[in-house]
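Trainee: Provided below for reference: sequence and predicted model.
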Amino acid sequence: MGRRSSRLEEGAFVVEGAVLIGEAVSAGWQIEAEFVAPGHDPVTAADWYELAPGVLDRVASTEHPQPHLAIVRQPAGQTGVPQSGFVVVVDQLNDPGNLGTILRSTEAAGVDAVVLTPGSVDPFNPKVVRASAGSLFHVPVVTATLDDIRAAGFRIVGTSSHQGDRHTDADWTGDVALVMGNEAHGLPDDTPVDAWVRIEHRGRAESLNVAMATTLLVFAAAERRT
C-alpha cells in the first residue's frame, strides 16, 4: 500500500464513531476511506484500513476514541442557498457545540437548510459533528450572506431580546429565513431584516443561549407553518 497524504483534500473531513459514520452513509454522503482499530470490522463498503495498535489514540480528536474513523465528503448540490421554504441563518456563530445543537434541532423541526454567514465556526469541526448527533448529514448546511438570502426571495426575520412580535404571534408563513445572532452580541439592531421576533421572558435573564432559543423558535415556526 502506498503512503497516503496526511492532508485532507478540500471538502473532505473526519467523522469518528460507527453511529455517525452510519448516519453519513444513510444520508448519501461519500465515504472516501474508513480506518478501524485492531480487531474491529468496518461499518461501510468503502476502502478500509486496519490501524496499528495505538494509532487511533494519537489521531482521533477525543480522549477515548471509538474504534472507527472515516474520511467523508459532502454530496454535490448542497452548496447553494435554497430557493424556497424555511431556513435558519446563524450569523458568525463561534461555538461548535452550539452549532451542533442547532443542527440537531433544525433537522428535527424539518428546517430546509441552515445557512452560516462568513466567519462562522466550521460546520465540519469534530465537535460540531458530534454535537449534531448525525443531523449534520440530514440538513443542508451552506455558507452565504444575508444579501444572498434576500436575493433568493426569503423574508428575513431577525431575532431580538427586546423588539418585535412575540414568537407565538409572529408570521411564519411563506419563504422565511430566521436569523440568529452570535453568542456574545446577538443580532445588531441595525441588521437589515424585514421583521423582528422575540421570545417573551418572565425571569431575570436577558436572553437565552442561542442554541436553546433556536430550538424553541424553529419548533414554534414549524407548528404554525403546517
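Mentor: Cool, got the structure. Just so it is clear, the structure is predicted and the values come from calculations on it, not from any experiment. Numbers count the residues shown, from 1 in each chain.
Trainee: Which positions in the lowest-mean-pLDDT helix or strand in the chain come out as buried?
Mentor: In the chain, no helix or strand scores lower on mean pLDDT, DSSP states H and E than helix 55-59, which sits at a mean of 83. Of the residues in helix 55-59, those buried by neighbour count under the rule 16 or more other C-beta atoms under 10 Å are L56. All C-beta spots, glycine's among them, are computed from the backbone N, C-alpha and C.
Trainee: Moving C-terminal from it, which element do we reach first?
Mentor: Counting by DSSP states H and E, the next helix or strand C-terminal to helix 55-59 is strand 68-73.
Trainee: Partner strands of that following strand and their direction?
Mentor: Paired strands of strand 68-73, with direction, are strand 12-16 (antiparallel), strand 30-36 (antiparallel) (DSSP bridges).
Trainee: Give me the distance between the least confident helix or strand of the chain and the centre of its chain.
Mentor: Taking the mean of its C-alpha atoms, helix 55-59 sits 26 Å from the chain's own mean (C-alpha atoms, centre = their mean, to the nearest Å).
Trainee: could I have that helix exported to PDB, CA atoms only?
Mentor: Below are the C-alpha coordinates for helix 55-59, written out as PDB (Å, rounded to 0.1, in the frame of the first residue of the first chain):
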ATOM      1  CA  VAL A  55      -2.600   4.800  16.200                       C
ATOM      2  CA  LEU A  56      -6.200   5.800  16.700                       C
ATOM      3  CA  ASP A  57      -5.500   7.200  20.100                       C
ATOM      4  CA  ARG A  58      -3.000   9.600  18.500                       C
ATOM      5  CA  VAL A  59      -5.100  10.800  15.600                       C
END
